[in-house]
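J.: Got a predicted structure plus its sequence, pasted below:
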Amino acid sequence: MKQLSDIAQEEQNMRVIVQLTNTFESLASMRIAQIKNQVLQAQNFFAELWNIYVQIRVDKLFRFGRQSNENVSEKELIIIISSAGGFSGDIDHRLIATMLKQYDKTEQDIIVVGYHGTILLAQAGVAFKKYFKLPEKDTNINVEPLVREIRSYKSTVVFYQTYISLMTQDIRRIELQTAIMELSEQAAKSNDIISEKTYIFEPSAYAVVAHLERSMLQIALSQVIFDSKLAQYASRFRAMSLANDRANTSLSDTVLLYNHTKRYIHDEQLKQIINGLKKVLVK
């Protein structure tokens, strides 16, 4: 049987684990609420830009803000958005496994956002072109370096984790132009008329359209990253919730063992006292 002091130390350790998992669970929940608010604000801003854009563009093609003299690779670009570390449940493993089922190294290049994705790709023996840190902050995400990479490719596909609920997260594959179209569908139509007849565009209408495309591309990318971070925080919340449940169960078992052991030791000491008294009385 374990020593009473060892059980007491084990109980203290379990109490610390319960407190830590509860704290991480609360932090993840708070982050989820903050990001949801950011997503709503970004959607509203995108809607304003889209209403301006659709009135001054010359055709229905979305050119990702490219200039006519920019070289474009015929390969497809894959962007993987993973977590910054391994503290996010199993969702990154599912993300990489889903991507690898559709990956063709002769036809596609990979860019990874989030350090954990680079580790999992290295373990799978898959090379990637570039790596970007997952933004630590949940506001004012700078995606311009990603936009520059995207403009160098004919098409771009993003693999990321998507938030469904606190207990459910899924993996999503989306073409970037589709993501922009989905955001545009949420934009209410404006009655304002914006054209070269009523406005002066500097340096030109084409330059303004390209700038708007780059801005909307940044918003769409930010939205995808926000959604991915939501899923990561939810996965972390779920992992911490399960860990907290297990820690509470272990703590209850340890407390029960401590009380049982303490009672056993007390009973043994009482037996020794009674046996000693019996021996004295017999003499």
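T.: Here it is on my side, so go on.
J.: Doesn't A239 belong to a strand?
T.: No: judged by DSSP: H, G, I helix; E, B strand; the rest coil, A239 forms no part of a strand; its state is helix.
J.: That one: how many residues sit nearby?
T.: For A239, the number of neighbouring residues by other Cβ atoms under 10 Å comes to 19. Heads up, the C-betas are built off the backbone N, CA and C, glycines and all.
J.: Return the distance of it relative to I91.
T.: 9 Å (Cβ to Cβ, to the nearest Å).
J.: S215 too?
T.: The gap separating S215 from I91 is 30 Å, by Cβ to Cβ.
J.: Equivalent analysis for V112, please.
T.: To I91, V112 is 15 Å away according to Cβ to Cβ.
J.: more neighbours, S215 and I91?
T.: Summary of the neighbour comparison: S215 and I91, criterion other Cβ under 10 Å, with I91 having more neighbours (23 against 16).
J.: What strand or helix carries the residue nearest to that one when sequence neighbours are not counted?
T.: Distances taken as Cβ to Cβ, 6 or more residues apart in numbering place S235 nearest to I91, at 4.4 Å, with adjacent residues excluded. S235 belongs to helix 205-282 when elements are defined using DSSP states H and E.
J.: Packing partners of that helix?
T.: Identification of packing neighbours for helix 205-282 by 3 or more Cβ pairs under 8 Å, 6 or more residues apart in numbering; DSSP states H and E yields helix 4-56, strand 73-81, helix 91-100, helix 144-150, strand 153-165, strand 168-175, helix 176-185.
J.: and that helix with strand 153-165, angle?
T.: Here the directions of helix 205-282 and strand 153-165 differ by 40 degrees (axes from the mean of the first three to the mean of the last three Cα atoms, to 10 degrees).
J.: any low-confidence regions in the stretch 101-250 of the chain?
T.: Where the stretch 101-250 of the chain drops to pLDDT under 70, the residues are 138-140, 183-205, 242, 244.
J.: what residues are up against the residue lying closest to R214 once chain neighbours are set aside?
T.: Taking Cβ to Cβ, 6+ apart as the measure, R214 lies nearest to G65, with 3.4 Å between them; neighbours along the chain are not counted. Applying Cβ atoms under 8 Å, 6 or more residues apart in numbering, we find G65 in contact with 147, 151, 210-214, 217.
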